[in-house]
Structures are given as C-alpha cells and as structure tokens.
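> Below are the sequence and a predicted model for it; my questions follow.
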There are 2 protein chains.
Amino acid sequence: MASPAPDVHLLEAQLSSSELCRGKLLRVLSDTVSLPDGAQATREYVVHPGAVMVIPLLVTADASEVRVVLERQFRYPLHRVMIEFPAGKLDPGENCFDCARRELLEETGYSAQAWAHAGVLHPLISYSTEVIDIWFARGLTAGARHLDAGEFLDVFTASSDELLRWCQSGEVTDGKTLTAALWLQNVISGAWKLDWVSP
Amino acid sequence: MASPAPDVHLLEAQLSSSELCRGKLLRVLSDTVSLPDGAQATREYVVHPGAVMVIPLLVTADASEVRVVLERQFRYPLHRVMIEFPAGKLDPGENCFDCARRELLEETGYSAQAWAHAGVLHPLISYSTEVIDIWFARGLTAGARHLDAGEFLDVFTASSDELLRWCQSGEVTDGKTLTAALWLQNVISGAWKLDWVSP
C-alpha cells in the first residue's frame, strides 16, 4: 500500500461541480468539496485558459542601462490606467511561447531575437485557475502594432531603476508586473540566470 | 474649460451594469462600456471587498538572518498546496490594519509589536476589483491559532534566502507571495525603507 501523501491533512476533494455562470468572457464554477475533517464546503472559481507575460529588454549600446518596454492600459474593474508588462490570454490550442511572441508583436510591434522562459505565476489562487507564463525577450526590432478590436493601450519604455521606484512608490500595483520586477531585479543583478534561446 | 485628461484616449465609460451571477462567495458583474473610439464592449469582473497580506519577520538574536513566517495551504482552483504569506479578506466595515492583525493572529497565532504598511497589490486587474494591502510585522510573540471553520493550513518559517530561491525555482508561484518577495528583498537590502509603528 502506498504511504499517505504528506499533505493529506490539507487536501480537499471534489464531490460535485456545476456551472455558476457563463458570461461572454468569464466562466465560474461552483464545486462542493470534502474538507480534511470530512466536512463539506463550497469553492467558487473562475476557469481561465492561461496567459503569458513578456518582459521585453532594451539594452543600450554601451550596455550601461537596461530599459524595458511597458504599457499603460485602462483596466475597467479598477477604473484606472495601469502600468504593466505586455500580456495576454492563450488562444485555444496555442502554446505559451507562440502566445508570448504573438502578444509582444500585437501589443507593442516588437519582434525579439532571443527568448528566455523565467517561470510561472498564479495571480489569484483563491478563486481563479489562471496561470501566467513569464518570458523575457531581447534583441528587439520595432515594427507595427496590431491591436485587437476594442484594445487601447500606450507603449513606452522605462529603465529598470524607474520601474523598481514605481513598484516602491505605488505607481505600479499590478500583481504580474510586480512579479516581473522581482525577476528583472534578480536577472540584472546576476542572482537569477536565464537560458536564452533564439528560435 | 478644463483641459482634457491625458489618458482620455484610453478611458472606458460605464453604460450599464448588471449582475452576471451571485454565488455563496463570488459576485460577478457584467458591464457594457463605451470604448475610446465610441464602440461598445462587455466587461465582466468579480467584485471583491479587498484583502490584506502580512509579511511576518523573525529576526535572529544576533540579527544575522531574517526569517519569515509562511503558510502551506491547499488551493482548490489549482488543486495543489501553495506556499504563501498569511492573508485574508476584509470583514465588512473592517479597516486594513485591523484585518492584518486579525489574520496574522488567527492563521499563525503570532502577535506583532510593530507594523509597517508597504503598499498595495492588484492581483488580477483584468477581471477582479480585488486589492491587497501589504503589511510587514515584527517583534512576534507566538500564541494559539484560531482558524476559521473549514480552514486548514500549515505554518512554518523560512529564511529570506530560501524564500527567494523558491521564487526562482518555481516552488513559490502565488502572485501575492512573489510580490511580497520583491518587497522583502528590497527592505532587507535597505533599498526600500519602511515606517514602523507600534500601535
């Protein structure tokens, strides 16, 4: 007999699942689960196809400064314009790398010579299945943007120092972008290494 | 006449709002908005009361190492146990600091002598109104936990170096905890200052 999992005192098991709602954009499930003590509880959560975020690096000719490509976009749930890295949802059947390349091109117009996969981020573990794949891109060539219908955003660049200052001051509060700042700071310092590939 | 806002080319305006669903835990709205070009679009999003996260610091007697108090909790939407900092939702009418103190005590049993407000984090700007207030706590005294009914979690400690390694390796993927790691790294290095208060 297999030994019990070390986390058995934490696990919840699905008893039933039903759709709470399906909008044009969001699908919400409501599951009944059994708790570790045998009691039952309800878990409601958004089902999400997954997303990517790209941290596009612009290195100055003398490599004295790392600059990044950022966006300013109005985010309706918060009724404000947010500073964030390029990001977007996976299309059905699309792999993460293709999505990263597509979103960078569509939203900013940039193509990249080299890419590095950093890690993943779960933005909201209490009520969403969403996972965001984090990519770095460098060797950027500017081109034309191809925004989706109904998509409006500004593209701009900032130094990594500026970005980190904005994270401290509260000008940047988007969770995925704060996580990107953690990666950026440690990649620039050399503490965290990336494996760059040129597809 | 007032000059136009600089972001007017990005703004969306509410035309109507209706409830898409209201579960036991989640309430989802569906709004029709006018886009900057005059077209209309649908925005669906979870309405959230706000939350807090606490970064509890344990400093060794000789101050050679900073350790933090962390939790391991099963997160049903992801079907896995996640490493995360103590956090929780605001009760109706509760202010953020009271919530931080309450959640730290309830989930970990610790009381803190001093607190510092770091900043805020919007975990999911595309489809949630949630904002997480970020607090540091120090001068910890251990006591008894008071978990909510149906709440199961392990409390443990780790050094800040361990936590940062886990953020790099992918053992930590919770967005709020990755944001906390950015704050922790910069507070420990002295780059970001905190204003500590002893209430």
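Here it is on my side, so go on.
> And what about the nearest residue to residue A:108 once chain neighbours are set aside, helix, strand or coil?
Of all residues not flanking residue A:108 in the chain, residue A:155 sits nearest, at 4.9 Å (C-beta to C-beta, 6 or more residues apart in numbering or on different chains). Yep, even glycine has a C-beta here, placed from its N, CA and C like the rest. Secondary structure assignment for residue A:155 (DSSP: H, G, I helix; E, B strand; the rest coil): strand.
> One more: residue A:37?
Under three-state DSSP, the three-state class of residue A:37 is coil.
> Just grab the bridge partners of whichever residue of chain A sits closest to chain B for me.
Ranking the residues of chain A by distance to chain B (C-beta to the nearest C-beta) places residue A:21 first, at 3.4 Å. In this structure, residue A:21 bridges to residue A:28 when assessed by DSSP bridges.
> need the contact list for it.
By C-beta atoms under 8 Å, 6 or more residues apart in numbering or on different chains, residue A:21 lies in contact with A:27, A:28, B:20, B:21, B:28.
> How about residue A:92?
residue A:49.
> Local confidence estimate at residue A:148?
pLDDT for residue A:148: 85.
> thought it was touching residue A:102?
No - with contacts counted by C-beta atoms under 8 Å, residue A:148 stays clear of residue A:102, the gap being 10.8 Å.
> Tell me which of those two has more neighbours.
A direct count of neighbours by other C-beta atoms under 10 Å in any protein chain shown for residue A:148 and residue A:102 places residue A:102 higher, at 17 against 9.
> packing partners for the longest helix seen in chain A?
The longest helix of chain A (DSSP state H) is helix A:175-189. Contacts defined by 3 or more C-beta pairs under 8 Å, 6 or more residues apart in numbering or on different chains; DSSP states H and E place helix A:175-189 against strand A:51-59, strand A:66-75, strand A:80-84, strand A:111-121, strand A:132-141, helix A:160-169, helix B:160-169, helix B:175-189.
> Which one of the ones you listed lies nearest to residue A:8?
Closest approach to residue A:8 among the helices and strands packed on helix A:175-189 (C-beta to C-beta): helix B:160-169, 22.1 Å.
> Tell me if the closest one is near chain A.
Yes - interface with chain A: helix B:160-169 contributes B:164, B:167, B:168 (C-beta under 8 Å from any C-beta of the partner chain).
> Looking at those residues, which one is closest to chain A?
The closest of the residues of helix B:160-169 next to chain A, once distances to chain A are taken by C-beta to the nearest C-beta, is residue B:168, at 5.0 Å.
> can you tell me how far residue A:6 sits from residue B:25?
From residue A:6 across to residue B:25, the span is 28 Å (C-beta to C-beta, to the nearest Å).
> More neighbours: these two, which one.
Comparing residue A:6 with residue B:25 by neighbour count (other C-beta under 10 Å), the higher total belongs to residue B:25, at 17 against 10.
> For the nearest residue to the more buried one once chain neighbours are set aside, what are phi and psi?
With C-beta to C-beta, 6+ apart as the criterion, residue B:25 has its nearest non-adjacent residue at 4.6 Å, and that residue is residue A:44. Backbone torsions of residue A:44, given as degrees, to the nearest 10, read phi -110, psi 140.
> what does residue A:30 give?
phi -130, psi 110.
> What count of nearby residues applies to it?
When neighbours are defined as other C-beta under 10 Å, residue A:30 has 19 of them.
> Same check on the one 4 residues further on?
Look at residue A:34: counted by other C-beta under 10 Å, it has 14 neighbours.
> That one reaches residue A:16, doesn't it?
No - checked against C-beta under 8 Å, the pair residue A:34 and residue A:16 is beyond contact range at 10.4 Å.
> ok, the closest residue to residue A:39 other than its chain neighbours - contacts?
Leaving aside its sequence neighbours, residue A:39 sits nearest to residue B:150 (C-beta to C-beta, 6+ apart; 6.4 Å). By C-beta under 8 Å, 6+ apart, the contact set of residue B:150 is A:35, A:39, A:41.
> how does it look with 10 Å?
Contact analysis of residue B:150 by C-beta atoms under 10 Å, 6 or more residues apart in numbering or on different chains lists A:12, A:33, A:35, A:36, A:37, A:39, A:40, A:41, A:42.
> Buried ones among those residues?
Among these, the ones that count as buried by 16 or more other C-beta atoms under 10 Å in any protein chain shown are A:12, A:33, A:35, A:41.
> so of those, which ones are in strands?
Secondary structure from DSSP state E places A:33, A:41 of the buried ones among the contacts of residue B:150 in strands.
> Including pLDDT and distance to residue A:129, could the buried ones among the contacts of residue B:150 go into CSV?
Below are the buried ones among the contacts of residue B:150 laid out as CSV (pLDDT from 0 to 100; distance: C-beta to C-beta, whole Å):
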residue, pLDDT, distance to residue A:129
A:12, 96, 15
A:33, 97, 15
A:35, 96, 20
A:41, 96, 18
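> re earlier: checking the residue nearest to residue A:39 next. Helix, strand or coil?
coil.
> mind checking the backbone torsions on it?
Backbone torsions for residue B:150, taken as degrees, to the nearest 10, come to phi 80, psi 10.
> sorry, back to before: what residues are shared contacts of residue A:148 and residue A:102?
Common neighbours of residue A:148 and residue A:102 (criterion: C-beta under 10 Å, 6+ apart): residue A:88.
> Filtering the buried ones among the contacts of residue B:150 by proximity to chain B, which remain?
With C-beta under 10 Å from any C-beta of the partner chain as the criterion, these include A:12, A:33, A:35, A:41 near chain B.
> measure residue A:141 to residue A:184 for me?
Applying C-beta to C-beta to residue A:141 and residue A:184 gives a distance of 21 Å.
> okay, the two: which has more neighbours?
Neighbour totals were compared for residue A:141 and residue A:184, and residue A:184 leads with 24 against 9 (other C-beta under 10 Å).
> Chain A - how does it break down into domains?
With domains defined by automatic domain parsing, chain A comprises A:13-47, A:51-189.
> still on that earlier bit, let's have the contacts of residue A:21 in TSV, adding distance to residue B:92.
Listed next are those as TSV, based on distance: C-beta to C-beta, whole Å:
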residue	distance to residue B:92
A:27	28
A:28	22
B:20	22
B:21	21
B:28	19
